[in-house]
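Participant: Generate a structure from the sequence data that follows.
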Amino acid sequence: MPESSDIKYSLDKTKDGYSVKAHKNGTLVGSANIQPNPKGGHYGTSLHVDSNNRRKGIATGMYNYVEKTLKTKMQPRFIDSEEGDAFWKNRKVNESYNPLEQNMKFLAELLNLESGCN
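Facilitator: I've put the predicted structure just below:
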């Protein structure tokens, strides 16, 4: 879904990475925490879009804004909802995408990082 022109995005540095926000007519309608992936790129955590504004391209717009601003590639982390699965399927239309495989990769990376085996 295309980004809405009445949405304004902002990106602020935080202790652990960044915070991206989406405002519509001055009202906060979406936000996410953005963290660097130790293997390259970035991933989002705590992604939230106001229930009245979902399925309107706001999450996509926030991630696109992060990619453009930071010159990075957003990557899925652990996908634990049907909405998250649909979001990444739509973002990955030209790539093979398998949520189970993605979750297994994330868990394997997490185990390697926590054990210091990288």
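
Participant: show me where this protein has strands.
Facilitator: For the chain, the strands defined by DSSP state E occupy 7-13, 18-24, 27-36, 42-49, 74-75.

Participant: Show the pLDDT at Phe87.
Facilitator: pLDDT for Phe87: 82.

Participant: hmm, I was thinking of Met104
Facilitator: If you check Met104, the pLDDT there is 70.

Participant: What about it, how many residues nearby?
Facilitator: If you count neighbours by other CB atoms under 10 Å, Met104 ends up with 11. Glycine gets a C-beta too; all of them are placed from N, C-alpha and C.

Participant: Any chance of the strands of the chain in JSON lines with mean neighbour count as columns?
Facilitator: Shown next, in JSON lines, are the strands of the chain (neighbours: other CB atoms under 10 Å):
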{"stretch": "strand 7-13", "mean neighbour count": "14"}
{"stretch": "strand 18-24", "mean neighbour count": "19"}
{"stretch": "strand 27-36", "mean neighbour count": "18"}
{"stretch": "strand 42-49", "mean neighbour count": "18"}
{"stretch": "strand 74-75", "mean neighbour count": "20"}
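
Participant: Quickly, which of those strands bottoms out on average pLDDT?
Facilitator: Mean pLDDT per stretch puts strand 74-75 lowest among the strands of the chain, at a mean of 88.

Participant: No further queries at this time; thank you.
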